[in-house]
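Engineer: the following comprises the amino acid sequence and a computationally predicted model.
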Amino acid sequence: MNKKIISAAIAATFAVSGVAMADAMVTGHLEQAFFTDGKSTGDTDINGGDDMFVVISASEDLGNGMSAFGKVRLEMDADSATGSATAGHTDSIVGLKGDFGTIMAGRAEAFVESKLMATMSFDGHTVIEDSLTGTPNTGRHDNMIAYVSPSFNGLTVGIGAYTVNANTAEDFDATELYVAYSNGPLTLQAGYQNLEDSLVTTLATPGIDVVVAENTLALSASYTMDALKATVLYTDEENGTNESQDVALRLDYTMGNNVIRGGYLWDEDFGTNGADGDDTLSLELVHNFSKRTSAYIGTVNPDNANDYQYIGLQHNF
């Protein structure tokens, strides 16, 4: 008997019996990239970051406009320097969706990274996003619980709580607020994270971790004009007497299957760990063979470090 007929018969049986069915999906990303760091030795390595991963997701209709969902992301990173590969899970989320919005819990990225700093994510490896996401406690966290409201005339609000430092007394030592507004070509976003007890090392107390409060503020605006999209991102991170302020600008111009992308980062550090900012220019060209497959080539030029170039091929499934 035809497999499609069997599947249809099973689906009809469940529909008649009123039993909820779950939809499962497996997606992933494969990438190979190389870069040279501009030193006299011309070091070449596999591009770091989220190069290879598989996402297993599932959802179930609970009726009355409500659904349950879950997602696990399994990541594999290769290291050509050691010839080894490591695997691990980066996301594991369960939640409920409905007219009330979305409630989720598990391990996930903070809003300031997944929503705001991600606006500076290029296809290739760039230090612009790396510099921003290097801000403490903006990455993925365990024991997360968050709520995201439905859109009200383009306005969306999210709140979240996380466990960042396992050795602190607080059950949720980080809290976060996210607000976004979208109207046609314009998108505005704001995120704020407060960490009650952060362990940082300062020059005033070398070798000693000091417990201080830490705050991260991120503001983003993007505007699309036909084939051109402009995005600006401002971040301000404070912990104790240290402060870092960054302004990043990004331009994307689409020409058919090709995208020209440019970015510039102004980085300023203040306080006991203050240092000259690392202003960075990045340029990238992407060719999309299809919706799933693309190749890219780019260059990164920090003003106080070695420049480097990269090239890569990626495929989504």
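Structural biologist: Thanks, I have the structure now.
Engineer: name the residues of stretch 286-296 that are buried.
Structural biologist: Residues of stretch 286-296 classed as buried: 286, 288, 294, 296 (neighbour count, 16 or more other Cβ atoms under 10 Å). No exception for glycine: its C-beta is placed from N, CA and C like everyone else's.
Engineer: again, but for stretch 223-243
Structural biologist: So, applying 16+ other Cβ under 10 Å, buried residues of stretch 223-243: 229, 231, 233-243.
Engineer: repeat that for stretch 103-113.
Structural biologist: 104-113.
Engineer: could I get the residues you listed as TSV with pLDDT?
Structural biologist: Converted to TSV, these look like this (pLDDT from 0 to 100):
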residue	pLDDT
104	96
105	95
106	93
107	89
108	87
109	85
110	86
111	90
112	87
113	84
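Engineer: which ones among those are found in helices?
Structural biologist: residue 111 (DSSP state H).
Engineer: would you map the strands across the stretch 201-317 of the chain?
Structural biologist: Ranges of strands in the stretch 201-317 of the chain, per DSSP state E, counting those that start in this stretch, are 209-225, 228-239, 242-255, 258-270, 280-288, 293-302, 308-316.
Engineer: sorry, back to before: just the buried residues of stretch 223-243 now: which is nearest residue 315?
Structural biologist: The nearest member of the buried residues of stretch 223-243 to residue 315, counting by Cβ to Cβ, is residue 229 at 23.9 Å.
Engineer: what's near enough to touch the closest one?
Structural biologist: Residues near residue 229 by Cβ atoms under 8 Å, 6 or more residues apart in numbering: 222-223, 251-254.
Engineer: cool, residue 312 as well?
Structural biologist: Counting by Cβ under 8 Å, 6+ apart, residue 312 makes contact with 31-34, 47, 123-124, 295-297.
Engineer: for residue 55, list each beta-bridge partner.
Structural biologist: residue 27, residue 73 (DSSP bridges).
Engineer: mind putting the contacts of residue 312 into a markdown table with distance to residue 24?
Structural biologist: A markdown table is the format used below for those (distance: Cβ to Cβ, whole Å):
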| residue | distance to residue 24 |
| --- | --- |
| 31 | 24 |
| 32 | 28 |
| 33 | 30 |
| 34 | 35 |
| 47 | 30 |
| 123 | 28 |
| 124 | 32 |
| 295 | 31 |
| 296 | 31 |
| 297 | 36 |
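Engineer: any idea which of the residues you listed is closest to residue 267?
Structural biologist: When those are compared against residue 267 (criterion: Cβ to Cβ), the nearest one is residue 124, at 19.7 Å.
Engineer: can you confirm the closest one is in a helix?
Structural biologist: No. Per DSSP: H, G, I helix; E, B strand; the rest coil, residue 124 lies outside any helix segment and is coil.
Engineer: any idea how far it lies from residue 29?
Structural biologist: 14 Å (Cβ to Cβ, to the nearest Å).
Engineer: what about the two, which has more around it?
Structural biologist: The neighbour comparison of residue 124 against residue 29 (other Cβ atoms under 10 Å) goes to residue 124, with 25 against 17.
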